[in-house]
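Trainee: Requesting a structural model of the entry that follows:
(one chain, ligands or ions: 1)
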Amino acid sequence: MATQNRPKVYVTRRVPEIGLQILSPHCEISQWQSDDPVASTRITQKYKIDKEVLEQAGPSLRVIGTMSVGYEHIDLEECKRRNISVGFTPDVLTNATAELTVALLLATSRRLKEGIQAVADGSWGTWKPSWLCGSGLDGSTVGIVGLGRIGLAVAKRLSPFGVSKFLYYGRTEKETAKDIGAEFVSFDSLLEKSDFVLGCCSLTEDNKELFNKTAFQKMKKTAVFINTSRGGLVNQTDLYTALSTGQIAAAGLDVTSPEPLPTDNPLLTLHNCVILPHIGSATEKARSAMSEVTARNILSFLKGQDMPSKLI
Ligand SMILES: O=C(O)[C@H](O)CO
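Mentor: Alright, predicted model coming up:
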């Protein structure tokens, strides 16, 4: 295709090379050469594709490919209104995110943060029978809020640890729950019965701060809460109270609100709260696959074909 007729693709970050290799024979690519979002002088400083950004992009913008499974940063209604298609990257990050969820659960329940700290600060003394005892998964009940792709992948990974029961809650019962023998229960019942409560659902208008004071009060005092979905699911002030007053035993978060979490956030002072910087999908394999799917979404659209993973 002659250079002047080639569609223009603007890549808003540095991304794994594969995506660029797929697009470059067909498109004219320009790229923001940074790992950080595009600066305000160009398109936007916010990690958001909202009305203002779409307005600045103008009517020639036909397709957006987000290199993520989450899409709360995109104003889909505004995209629909402007007849802009949007592709995303489900599936390819499921395994990586499930793995990180398991890592966070083990780190939290087996009190690794305190253990690492004790080794570093010299408070590791003689062997003590009750020191740093956590709760293991063997014989436990695991409650999953949102048994979608990631929730199911987490359960499959946890099963060999000897979990005795999986409970789940969500909008609908899932056929796939049979794969892990999971029982569909009410939210309250899940909170009351689970030793581990995992937030694996996507964030919607209806489930904002679902994990709040009322929810934490219903959990067991020994419960461990994990969230690898979105920070907006949790009322962090209530979580701080629950963790600091012994309402629940521990929490592990890969997502917070806001992100990055300010370094003076009280949650960071707690020994029983492990916080990671939203690295659920951060494996080389997952990020390359996400780059590839994003490029294939865009290219398929440009060729008039169905996108492999289309949102709208
Ligand atoms: O939505 C996603 O893809 C992950 O949470 C990374 O942002």
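
Trainee: V274 against A107, yeah?
Mentor: Yes: contact status for V274 versus A107: in contact at 5.3 Å, counting by C-beta atoms under 8 Å. Every C-beta, even on glycine, is put in place using the N, C-alpha and C of the backbone.

Trainee: Please report phi then psi for the residue of the stretch 151-300 of the chain found nearest the ligand.
Mentor: Across the stretch 151-300 of the chain, no residue is closer to the ligand than S281, which sits at 5.0 Å (C-beta to the nearest ligand atom). Backbone torsions for S281, taken as degrees, to the nearest 10, come to phi -100, psi 10.

Trainee: burial count for K48?
Mentor: 14 (other C-beta atoms under 10 Å).

Trainee: between V274 and A107, which one's more packed in?
Mentor: V274 (23 against 19).

Trainee: tell me which element the more buried one falls in.
Mentor: strand 273-275 (DSSP states H and E).

Trainee: Not counting that strand itself, show me its contacts.
Mentor: With C-beta atoms under 8 Å, 6 or more residues apart in numbering as the contact definition, strand 273-275 has outside contacts at 104, 107-108, 112-113, 239, 243, 250-254, 256, 261, 267-268.

Trainee: Show me which of those residues are buried.
Mentor: Buried members of these, counted by 16 or more other C-beta atoms under 10 Å: 104, 107-108, 112-113, 239, 243, 250-254, 256, 261, 267.

Trainee: Could I get the buried residue list for whichever strand or helix holds V53?
Mentor: Under the criterion of DSSP H and E, V53 resides in helix 51-57. Across helix 51-57, burial judged by 16+ other C-beta under 10 Å covers V53, L54, A57.

Trainee: How about stretch 162-173?
Mentor: Neighbour-count burial for stretch 162-173 [16+ other C-beta under 10 Å]: V163, F166, L167, Y168, Y169, G170.

Trainee: Distance of the residue nearest to the residue of the stretch 151-300 of the chain closest to the ligand when sequence neighbours are not counted relative to G143?
Mentor: Residue nearest to S281 in three dimensions, not counting chain neighbours: L93, with 3.8 Å by C-beta to C-beta, 6 or more residues apart in numbering. According to C-beta to C-beta, to the nearest Å, L93 stands 23 Å off from G143.

Trainee: cool, D75 as well?
Mentor: Taking C-beta to C-beta, one finds D75 at 33 Å from G143.

Trainee: Who has more neighbours out of these two?
Mentor: G143 (26 against 18).

Trainee: what's the nearest residue to the more buried one if we skip its chain neighbours?
Mentor: Going by C-beta to C-beta, 6+ apart, G143 has S194 as its nearest residue, at 3.1 Å.

Trainee: That neighbour touches T141, doesn't it?
Mentor: Yes: counting by C-beta under 8 Å, S194 does reach T141; the two are 5.2 Å apart.

Trainee: Could you check which of those two has the larger neighbour count?
Mentor: Just comparing S194 and T141: by other C-beta under 10 Å the higher neighbour count belongs to S194, 25 against 18.

Trainee: What residues does the stretch 201-312 of the chain have near the ligand?
Mentor: Counting by C-beta under 6 Å from any ligand atom, the stretch 201-312 of the chain comes close to the ligand at G280, S281.

Trainee: Could I get the full set of helices for the stretch 201-312 of the chain?
Mentor: Counting by DSSP state H, counting those that start in this stretch, the stretch 201-312 of the chain has helices at residues 213-218, 236-244, 284-302.

Trainee: and among these, the most buried is which?
Mentor: Neighbour counts (mean count of other C-beta atoms under 10 Å) averaged over each of the helices of the stretch 201-312 of the chain peak at helix 284-302, with a mean of 21.
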